[in-house]
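In: Build the 3D model from these lines:
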Amino acid sequence: MAKAIHSMIRVIDEDRSVDFYRQAFGLDIAERLDFETFTLVYLSNAESPFELELTINKDRAEPYAQGEGYGHLAFSVADLDAEHTRLTQAGFKPNKIVEFNRDGALLARFFFITDPDGYKIEVLQRHGRYK
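Out: Sure thing, here's the model as predicted:
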């Protein structure tokens, strides 16, 4: 059986992106691999073995277009309201909290936030399938 181990996104400014993911989601550098034309930075935390790989192409100055195929990354948290408040106070401007119901029952509570390169990130209350 296959095991998901990481997702990769391309970013422009390594320090800015690492700082955002550290402050917003508690991700720290697990490994940094520097090559002649690019750098790979793997971010993770103790909550999950899954990693976010940041790819920094050294000759790139303009922002990447996410295109119409990219959707979002997702993180689950124990207290959605507290995380929304914390991220707001940190100046990250999360969107409003949304409650999504199906067949009269709560399916998910969540909000979206955008990283420095424009990637959308869904933050979900741990509930049901979103643990």
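
In: going forward, measure contacts between C-alpha atoms and count neighbours the same way
Out: OK.

In: In the protein, where is pLDDT below threshold?
Out: Scanning the chain for pLDDT under 70 picks out the ranges 2.

In: Which parts of the chain belong to which domain?
Out: Domain ranges of the chain: 1-59, 71-131, per automatic domain parsing.

In: ok, which stretches of the protein are helices?
Out: 14-25, 80-89 (DSSP state H).

In: Please identify which of those is closest to F112.
Out: Proximity to F112 (CA to CA) singles out helix 80-89 among these, at 9.6 Å.

In: which helices and strands does the closest one pack with?
Out: With contacts taken as 3 or more CA pairs under 8 Å, 6 or more residues apart in numbering; DSSP states H and E, helix 80-89 sits against strand 105-114, strand 120-125.

In: and the angle for the first one with helix 80-89?
Out: Going back to what we said before, that points to strand 105-114. Strand 105-114 runs at 10 degrees relative to helix 80-89, counting by axes from the mean of the first three to the mean of the last three CA atoms, to 10 degrees.

In: Same question for the last one.
Out: Strand 120-125 runs at 140 degrees relative to helix 80-89, counting by the same axes, to 10 degrees.

In: Given strand 120-125, what are its sheet partners and their directions?
Out: Using DSSP bridges, the strands paired with strand 120-125 in its sheet are strand 73-77 (parallel), strand 105-114 (antiparallel).

In: Among the ones you listed, show me which one is buried the most.
Out: strand 105-114 (a mean of 17; mean count of other CA atoms under 10 Å).

In: Just the residues contacting that one, thanks.
Out: Residues outside strand 105-114 that contact it (CA atoms under 8 Å, 6 or more residues apart in numbering): 80, 84, 92-101, 120-125, 127-128, 130.

In: got the angle between that strand and helix 14-25?
Out: Going by the same axes, to 10 degrees, strand 105-114 makes 150 degrees with helix 14-25.

In: Off-centre distance for strand 105-114?
Out: In this view, strand 105-114 has its centroid 14 Å away from the chain centroid, taken as CA atoms, centre = their mean, to the nearest Å.

In: could you dump that strand to PDB, C-alpha only?
Out: What follows is strand 105-114, C-alpha atoms only, in PDB (Å, rounded to 0.1, in the frame of the first residue of the first chain):
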ATOM      1  CA  ALA A 105     -25.500  17.600  10.300                       C
ATOM      2  CA  LEU A 106     -22.200  19.500  10.700                       C
ATOM      3  CA  LEU A 107     -19.700  18.100   8.200                       C
ATOM      4  CA  ALA A 108     -16.900  20.700   8.700                       C
ATOM      5  CA  ARG A 109     -16.000  24.000  10.300                       C
ATOM      6  CA  PHE A 110     -13.100  25.700   8.500                       C
ATOM      7  CA  PHE A 111     -11.500  28.800   7.200                       C
ATOM      8  CA  PHE A 112      -9.000  29.600   4.400                       C
ATOM      9  CA  ILE A 113      -5.700  31.500   4.700                       C
ATOM     10  CA  THR A 114      -3.300  32.400   2.000                       C
END
